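J.: A predicted structure for the sequence below; I have some questions about it.
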Amino acid sequence: MKNSVETIAVLTSGGDAPGMNAAIRAIVRKAIVNGLKVKGIKKGYAGLLNEEIIDMEKKDVSDTIQRGGTILGTARCPEFKEEEVQEKAAQILKSYGIEGLVVIGGDGSYRGAQALARHGINTVGIPGTIDLDIACTDYTIGFDTAVNTAMQAIDKVRDTSSSHERCSIIEVMGRNAGYIALWCGVANGAEDILIPEKYDFNEQNIINSIIANRKRGKTHHIIINAEGIGHSTSMARRIEAATGMETRATILGYMQRGGSPTATDRFYASMMGAYAVELLCEGKTKRVVGYRNGEFVDYDIEEALAMEKQIPEYQYRIARELSM
Ligand code: ADP
Ligand code: F6P
């Protein structure tokens, strides 16, 4: 069957995430397999506006699947919300003969793709964010690596916390979402898990649980705090004052976003990249790729953006019960 487009491009936008390179590699290779020309746009929408557009061949993605970050670079580009800027970007794409664009990023990046679709560019989004905060998909590229990186770091903090009989508050990323915190809370066996979706700002509960645990002879207390709640350092000062237990805050920060992607991130990113190219070949536009109930699926961007993501109640309840 004849492809609906001849030339496509790929860009990464928003925060980088481990596995983005696996997706880029899959897009380039699948495009070539399907007889398309493929270009890379550097530094997200900002690079598009600066016409940082390069041809991509098979060799350009060799030796990249194991690398963290994004070989294309990424950026935030606030002016892309403006109608005339979006129109200019679509004109640039057309002047390079680009008919289809794959955008790897989060919800914000999808809105940019939606705008380009309105201006006649066929667009497909792929979920690339460590935060797992995209409603239409059970999986986002980078989450698995980030959560494993955070888990390993927290294990290390726990060693020193136990040795000194301290309380440790460890802050993990996730923007306004608590998925990294929830997963680490379970995987690291934390005593308290604080996530923005459920936090009641009642520190007295935490203080009571530290005092009760100490009475039972527990020598450390690990609190996983999500970035969306934040204030870990001042929280540590207040908890130390109220409990008498030495308390330290550790903010894991950007180390969670870097590093070589896990097999899961490489695999799903590869499948999603190829899936996005197939959609463009079929003439589809304004779609996003997701992974739901064991299958790769796609949705209209508008429909996807209207979906709301909730922390699964069962997972949260069990996480709390196990932390006791
Ligand atoms: P993410 O894609 O991870 O959600 P951001 O929210 O920072 O990250 O969005 C990434 C980029 O997408 C922004 O810097 C901007 O260029 C573009 N973008 C965000 N929101 C919109 C919007 N409403 N309309 C058009 N483009 C947008
Ligand atoms: O979206 C990924 C993420 O790392 C969030 O967890 C965090 O809130 C944000 O990006 C930080 O963004 P920046 O790189 O702009 O500081």
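T.: Alright, I've got the coordinates. Ligands and ions are numbered 1, 2, ... in the order given.
J.: tell me which parts of the stretch 51-200 of the chain are close to ligand 2?
T.: Within the stretch 51-200 of the chain, the residues that sit near ligand 2 (CB under 6 Å from any ligand atom) are 129-131, 173-175. (Glycine included, C-beta is placed from N, CA and C.)
J.: domain parsing of the chain, as residue ranges.
T.: Per automatic domain parsing, the domain ranges recorded for the chain read 7-142+261-306, 146-257.
J.: close to ligand 1, is the first one?
T.: Yep, that's domain 7-142+261-306 we're talking about. Yes. Shown here: domain 7-142+261-306 in contact with ligand 1 (CB under 6 Å from any ligand atom) through 13-15, 45, 76-78, 80-81, 105-109, 111-112, 115, 129.
J.: buried ones in stretch 314-324?
T.: Taking 16 or more other CB atoms under 10 Å as the neighbour-count basis, stretch 314-324 is seen to contain the buried residues 316, 319, 323.
J.: likewise stretch 288-307?
T.: When burial is assessed from 16+ other CB under 10 Å, stretch 288-307 yields the following buried residues: 288-291, 296, 298-301, 304-305.
J.: quick one on the thing from earlier: which one of the buried residues of stretch 314-324 is nearest ligand 1?
T.: Using CB to the nearest ligand atom, the shortest approach to ligand 1 within the buried residues of stretch 314-324 belongs to Tyr316, at 23.4 Å.
J.: correct me, but the closest one touches Leu182?
T.: Yes. At 6.6 Å, Tyr316 counts as touching Leu182 under the criterion of CB atoms under 8 Å.
J.: next, show the common contact partners of these two.
T.: Shared between the contact lists of Tyr316 and Leu182 (criterion: CB atoms under 8 Å, 6 or more residues apart in numbering) are residues Ile195.
J.: okay, now Thr219: neighbour count?
T.: If you count neighbours by other CB atoms under 10 Å, Thr219 ends up with 13.
J.: Ile98 too?
T.: Around Ile98 sit 23 other residues, with neighbours defined as other CB under 10 Å.
J.: which residue sits closest to it, ignoring its sequence neighbours?
T.: Nearest non-adjacent residue to Ile98, counting by CB to CB, 6 or more residues apart in numbering: Ala9, 4.7 Å away.
J.: of the domains of the chain, which is nearest Pro312?
T.: Closest approach to Pro312 among these (CB to CB): domain 146-257, 8.8 Å.
J.: how long is that closest one end to end?
T.: For domain 146-257, the separation between the terminal residues is 6 Å (CA to CA, to the nearest Å).
J.: hmm, the residue nearest to Ile98 is touching Lys37, no?
T.: No. Taking CB under 8 Å as the definition, Ala9 is not a contact partner of Lys37, at 9.3 Å.
J.: which one of the two is surrounded by more residues?
T.: Taking neighbours as other CB under 10 Å, Ala9 and Lys37 compare with Ala9 leading, 27 against 17.
J.: contacts only, for the more buried one.
T.: Under the criterion of CB under 8 Å, 6+ apart, the contact list for Ala9 reads 38-41, 53, 93, 96, 98, 100-102.
J.: farthest pair in the residues you listed?
T.: Tyr96 and Val102 (14.8 Å).
J.: okay, the closest residue to Lys198 other than its chain neighbours: pLDDT?
T.: Here the nearest residue to Lys198 in space, its sequence neighbours aside, is Tyr316; by CB to CB, 6+ apart that works out to 6.3 Å. If you check Tyr316, the pLDDT there is 96.
J.: Tyr316: what's it in contact with?
T.: Counting by CB under 8 Å, 6+ apart, the residues that Tyr316 touches are 182, 195, 198.
J.: neighbours around Ile121, how many?
T.: Ile121 sits with 24 neighbouring residues when counted by other CB under 10 Å.
J.: is it true that it touches Gly100?
T.: Yes. With contact defined as CB under 8 Å, Ile121 reaches Gly100; the gap is 7.2 Å.
J.: got any residues that touch both of those two?
T.: Taking CB under 8 Å, 6+ apart as the contact definition, Ile121 and Gly100 share the neighbouring residues Thr285.
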